[in-house]
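Asks: With the sequence up front, the predicted model follows.
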Amino acid sequence: MKHTISVLVENHSGVLSRISGLFSRRGFNIESLAVGPTHDPAVSRITIVADGDEHTVEQIEKQLNKLIEVIKVKTFGRDEYLARELMIVKVSATANKRSEIMTIADVTGAKVMDITLTTMTLELCDTYAHLCRFEEVIEPYGIIEMVRTGTIAIEKGAETFNAKK
Amino acid sequence: MKMSVSQAMVECLKAENVKVVFGYPGAAICPFYDALLDAENDIRQVLVRQEANGGHAANGYARISGKPAVCIATSGPGATNLITAIATAYADSVPIVCITGQVNTDQIGSDVFQEADITGAAEPFVKHSYLLKEPDDLARVFKEAFYIAGTGRPGPVLIDIPMDVQKAEIDFEYPDKCEIRSYKPTTKGNYLQVKRVLGALETAEKPLICIGGGVFASNAQEEITRLAELMQIPVITTMMGISVFPNDNPLFCGMIGTHGIKRANKAVNECDVLFLVGARVGDRAVKTPLALEKTTKILHIDIDPAEIGKNIGADYPLVGDAKIVLGQMLELAKPMKHDDWIEHLKGLEGAKAPIEAPAGTVNPKVFIDRLAAKMPDNTNIVADVGQNQIWTCNGYKFRKGGRLLTSGGMGTMGYSVPAAIGAKLADESRPTVAVCGDGAFQMSFMELATAVQFGVDIKVVVMTNNRLGMVRELQTNGYHDRQTNVFLDGSPDFIKLAEAYGIPAVRACDDGSMDKAIDMLANHKGICLAEVVVDKDMPTL
Ligand SMILES: Cc1ncc(C[n+]2csc(CCOP(=O)(O)OP(=O)(O)O)c2C)c(N)n1
Ligand SMILES: [Mg+2]
C-alpha cells in the first residue's frame, strides 16, 4: 500500500542524504521524494511516497524520527490531504497531430509550454493518479522526454503541520 | 575567550570531564594533538596501535564509566580504520565521541591526499555526525555531540574537523546546556501504561523477565533485581544483558539464543508473559519472534520507540528509560510468588557439563569456571568473539558487581584486548580480564604494546585451538565438515610473544598448569597473559 509521509527537517546540508540512506539501507521502497524550503528558512519539508504495509510505515516513521535533524514526521491518512505533482513532457508532434494533442491538453488540464516543428512540450500539475492517466493518453504520440517532481502534499482544512520554534 | 579551535576542543573535553582519550595522530589532526600537549595533566592521551582499537578502547571505557568516551583519528585511512569500531559501538548502543581530522575546507571534494568522506562513510553506523565547517559552531557541536551520544539510546557521534578549522581563532565559551528541538528522548514511562504492564505481570502465571544491554545503559541493575525478587519472576538475559543479574540468584536461568542455555530458551517458549527490558530481540537471541508473539503476551520497555514492535510485536509497549520506568513500577509493585514455575525451570536442563579434554589440552568451560571462582566480584570480563566468547558468556558465574563486556551486536573479532584497556582505565580498581581466541588475538595483539607503554594492568587469556573455532564448527555441522580457511598454522608461540613485550605468561595445558595460570591472573600485579590450550574439536555448547 502507498503512504504519503511529510517530514519536517532542519535545513542543513547532508539531511537529504541521511534520509535517502536510511530508506535504502533499511529496504524501504520510495516511490517519490520531493524536498523544498518552507516559510521558515530554517526548516525544509520533504514529502515521501513510500510503499509498504502498516508495520513498514510504522518503522519508517520511527526510524525517521530517530534522525537527529528530523523535527516531525506525519503519515497522512486516506483523503486527509491535498497532493500535487508537476510533470513536464516532450512529445513528438508534427503539424497533423497538434490539434489532437491540444484537445487532450484541454480535457486533462495540461498546458502547452513550448512548440517546435516536430515536438510539443506540455506541463501538467495534478495528482499522481491523474498524471499517470495523462501519460497513458499522450503515450501513443511518442514521449521523447519526461520529468516529474514527485508528490508534495499538505493537510486538508485548518490543521497545520509546522515546526515549533 | 579568544583561542584557537584546537585549544577550544581541549577546553570542550575538559568541560565534559574527559580524563582519557584514545587515538592515533596524522597530519590532519596535528593541530588538535598540538593543543592536547598542553593539557597532559588533565587529559591522558593513550596512543593505540591501530585506530579501530582506539574506538574499541573508548567503547570499553564508556561502558564502565557510563559516560561518552573519546577517540581520535586523522583524516583518510585513520578515519576509515575507525569505521569498524564505530559500527561496533552503534550495534551495542555505546556512547563514544569520535573526533577525526579532515583536509582543509577549500580542498574538500577534490580527492586530495588522505581525503575520505568519513561522515558519509560512517552514516549508517552513527547516532549523529558533524562536518564542522564553521569555526564558530565548535562549542555548540561539542556540547550537542556529548549530549546526543550519552542520552536516550546511547550511541557513537562523529565530529569531522578540517585542518584549517582546527587552526582558526574563535571567541570561545562552552554552553552549559543544549537545546535540540528535534531530539527529546522520552525517559519517564506513561503512568497508565506502567500500571497496565504491572497488571499484566501480576496476572501472569508463568512470567519471565528478559534483560538486555539497555539495563546497563540506563544503570538499572538494582531496580530490575529488586523487581524480580519482589515479584519472584525468573530472569533470562540476552548476551548484552549478561552480568546485570547475579548468576547465583535462584531466579537466574541463563542466557537465551542460538548459543544460549537450554533452560533459558525453554523458559522463553513456556512463559505466558515475557517482559523485555532494554532488549531488542535480535535474531541471535530469539530465532522465531513471530511464533513467540502469537503464544505469549509481550511487554516491552525500551528507550528507543523504534525497537518496540520492530522484531517482535508488543502487547504492552512502554517507552522510557529502564531505570526510571522500573522505579515507577517498584512504587506500585506488590510481593508475589511463583514457586511452581521457578521449581519447574530449575528442573530443566542447564548448561552442558564439560566433557573430558584430550591430553595436553584444557576444557575451556572448566577453566572459565575456576577463573570465576578466583577473581574478585568486581571483575570486568571482556569476551571476544567465537567459541571462547560463548564459553565465557555461559560459563563465567558473575556475582554482584561483576561485568561482562563483549561485542554482542556486531560480533567484532579483536574487540576484547583494546576494550579491556579502556575498561581498566575507566576504573582502575576493577580487575579486568580479556578472553579471546587465537584468531582474534592476532587481530589485536599489537595493543599489548599500548598496555605496556601506559602501564594498563589487564589480564589476557588466549584460548588456542589453532582454529577459527566457531567457523570450523559451523563447517563441521553445516557444510559436511568440509573445513576450509580456518587453520591458524603459522601462529606465533604466544608465550614467547608475550615475553617479547616483557609480559609474564603461562601456558595452561593440563590441570596443574591451569591452576598456575589462574593463580597468576588473579594475583599477579600488572599485565600478564595466559594461553589456554583447547582441543580443536571442542564443541561450543
Ligand atoms: C572481524 C571479524 N571477522 C570475521 C568474523 C567471523 N568469525 C566469527 S567467529 C570466528 C572465529 C574466531 O576464531 P578465534 O578468534 O580463534 O576464536 P575461537 O572461535 O577459535 O574461540 C570468525 C572468523 C568476525 N566475527 N569478525
Ligand atoms: Mg581459535
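Replies: Received the coordinates, thanks. Ligands and ions are numbered 1, 2, ... in the order given.
Asks: what's stretch B:15-25 in contact with?
Replies: B:13, B:29, B:33, B:36, B:42-51, B:53-55, B:57-58, B:61, B:67-74, B:78, B:81, B:99, B:142, B:146, B:174, B:422, B:425-426 (Cβ atoms under 8 Å, 6 or more residues apart in numbering or on different chains). (C-beta placed from N, C-alpha, C; glycine too.)
Asks: What residues sit buried inside stretch B:157-171?
Replies: For stretch B:157-171, burial by neighbour count (16 or more other Cβ atoms under 10 Å in any protein chain shown) applies to B:157-168, B:170.
Asks: How about stretch B:477-487?
Replies: Under the neighbour-count criterion of 16+ other Cβ under 10 Å, stretch B:477-487 has B:483, B:486 buried.
Asks: now the strands for chain A?
Replies: A:2-10, A:29-37, A:43-51, A:70-75, A:81-92, A:111-115, A:119-126, A:143-148, A:152-155 (DSSP state E).
Asks: Domain map for chain A?
Replies: Each structural domain of chain A that the record assigns through automatic domain parsing is listed here as a residue range: A:2-75, A:82-152.
Asks: coming back round to it: nearest to residue B:523, of the buried residues of stretch B:157-171?
Replies: residue B:157 (40.1 Å; Cβ to Cβ).
Asks: Now do the contacts for that closest one.
Replies: By Cβ under 8 Å, 6+ apart, the residues touching residue B:157 are B:68, B:95-98, B:126-130, B:145-146, B:148-149.
Asks: Next one: it relative to residue B:143, how far apart?
Replies: Separation of residue B:157 from residue B:143 (Cβ to Cβ, to the nearest Å): 11 Å.
Asks: again with residue A:153
Replies: With distances defined as Cβ to Cβ, the gap from residue A:153 to residue B:143 amounts to 36 Å.
Asks: in the chain, which ranges drop under the pLDDT threshold?
Replies: No chain in the question, so chain A it is. Using pLDDT under 70 as the threshold, the predicted model of chain A has low-confidence ranges A:165.
Asks: Residue B:494 against residue B:530, yeah?
Replies: No - because the distance of 9.4 Å does not satisfy Cβ atoms under 8 Å, residue B:494 is recorded as not touching residue B:530.
Asks: Which residue does chain A have closest to chain B?
Replies: Closest contact between chain A and chain B, by Cβ to the nearest Cβ, is at residue A:62 (3.7 Å).
Asks: tell me the secondary structure for the closest residue to that residue other than its chain neighbours?
Replies: By the measure of Cβ to Cβ, 6 or more residues apart in numbering or on different chains, the closest residue to residue A:62 outside its immediate chain neighbours is residue B:306, 3.7 Å from it. When the structure is split into helix, strand and coil by DSSP: H, G, I helix; E, B strand; the rest coil, residue B:306 lands in helix.
Asks: My guess is residue B:306 contacts residue A:60. True?
Replies: No - Residue B:306 sits out of contact with residue A:60 when judged by Cβ under 8 Å, with a separation of 9.9 Å.
Asks: These two: who's more crowded?
Replies: Each of residue B:306 and residue A:60 had its neighbours counted (other Cβ atoms under 10 Å in any protein chain shown), and the higher figure belongs to residue A:60 (25 against 19).
Asks: Run a quick neighbour tally on residue B:205.
Replies: Residue B:205 sits with 10 neighbouring residues when counted by other Cβ under 10 Å.
Asks: Tell me who's in contact with the closest residue to it other than its chain neighbours.
Replies: Nearest in space to residue B:205, with sequence neighbours left out and distances taken as Cβ to Cβ, 6+ apart, is residue B:272 at 5.7 Å. With contacts defined as Cβ under 8 Å, 6+ apart, the neighbours of residue B:272 are B:204-207, B:296-297.
Asks: quick one, what contacts residue 3?
Replies: Reading this off chain A. Applying Cβ under 8 Å, 6+ apart, the residues contacting residue A:3 are A:49-52, A:57, A:60, A:75-76.
Asks: Can you look at chain B instead?
Replies: B:11, B:169-170, B:172.
Asks: would residue B:199 count as being in a strand?
Replies: No - following the definition three-state DSSP, residue B:199 is helix and is not counted among the residues of a strand.
Asks: Burial check on it, number of neighbours?
Replies: By other Cβ under 10 Å, 12 other residues sit near residue B:199.
Asks: which residues are in contact with the helix or strand of chain B with the lowest mean pLDDT?
Replies: Taking mean pLDDT, DSSP states H and E as the measure, the helix or strand of chain B with the lowest value is helix B:289-295, at a mean of 89. Under the criterion Cβ under 8 Å, 6+ apart, residues B:268-269, B:274, B:281, B:286, B:298, B:311-313 lie in contact with helix B:289-295.
Asks: rerun that using 10 Å as the cut-off
Replies: For helix B:289-295, the surrounding residues in contact (Cβ atoms under 10 Å, 6 or more residues apart in numbering or on different chains) are B:268-272, B:274, B:281-283, B:286, B:288, B:298, B:309-315.
Asks: Any residue of whatever helix or strand comes next after it touching chain A?
Replies: Following the chain from helix B:289-295 toward its C-terminal end, the next helix or strand by DSSP states H and E is strand B:297-302. No - Strand B:297-302 lies out of reach of chain A by Cβ under 10 Å from any Cβ of the partner chain, never closer than 11.0 Å.
Asks: ok, then the element right after strand B:297-302?
Replies: Next along the chain after strand B:297-302, taking DSSP H and E as the criterion, comes strand B:316-319.
Asks: just checking, next helix/strand downstream of that next one?
Replies: With elements assigned by DSSP H and E, the helix or strand that comes after strand B:316-319 is helix B:322-332.
Asks: All the strands of the stretch 301-450 of chain B, in order from the start?
Replies: B:316-319, B:380-383, B:403-406, B:432-437 (DSSP state E, counting those that start in this stretch).
Asks: Nearest to ligand 2, out of those?
Replies: Each of these was checked against ligand 2 via Cβ to the ion, and the shortest separation belongs to strand B:432-437, namely 3.6 Å.
Asks: Briefly note if the closest one comes near ligand 2.
Replies: Yes - Strand B:432-437 comes into contact with ligand 2 (Cβ under 5 Å from the ion), by way of residue B:437.
Asks: Who does that strand pair with, and is each partner parallel or antiparallel?
Replies: Partners of strand B:432-437 in the sheet, by DSSP bridges, are strand B:380-383 (parallel), strand B:459-464 (parallel).
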